[in-house]
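Chemist: Got a predicted structure here, sequence first:
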Amino acid sequence: MAKPATIKVRLNSTADTGYFYVTKKNPRSLNTTEKLVFRKYDPIARKHVDFKEGKIK
């Protein structure tokens, strides 16, 4: 079977609440060498915070 073109990554909250999102990322893209950072809503902190990419265990 062929290897999937996207990999799953975990977006961990920088507010240290333990909340995370799971999203997909294209690892073959040449211009995305740094880790993903999104500003999303953290329901535990009840505000928008930065979420940084981490590995799924």
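Modeler: Arrived safely.

Chemist: Only C-alpha atoms from now on, for both contacts and neighbour counts.
Modeler: Noted.

Chemist: quick one, what contacts residue 35?
Modeler: 52, 53 (CA atoms under 8 Å, 6 or more residues apart in numbering).

Chemist: pretty sure residue 11 is touching residue 50, no?
Modeler: No: using CA atoms under 8 Å, residue 11 makes no contact with residue 50, being 9.0 Å away.

Chemist: Who has more neighbours out of those two?
Modeler: Using other CA atoms under 10 Å as the criterion, residue 11 and residue 50 rank with residue 11 on top: 23 against 15.

Chemist: quick one on the thing from earlier: between residue 11 and residue 50, what contacts are shared?
Modeler: residue 37.

Chemist: mind checking pLDDT for the residue most central in space within the chain?
Modeler: Centroid-nearest residue in the chain, with CA atoms, centre = their mean: residue 11, separated by 2.7 Å. According to the prediction, residue 11 has pLDDT 97.
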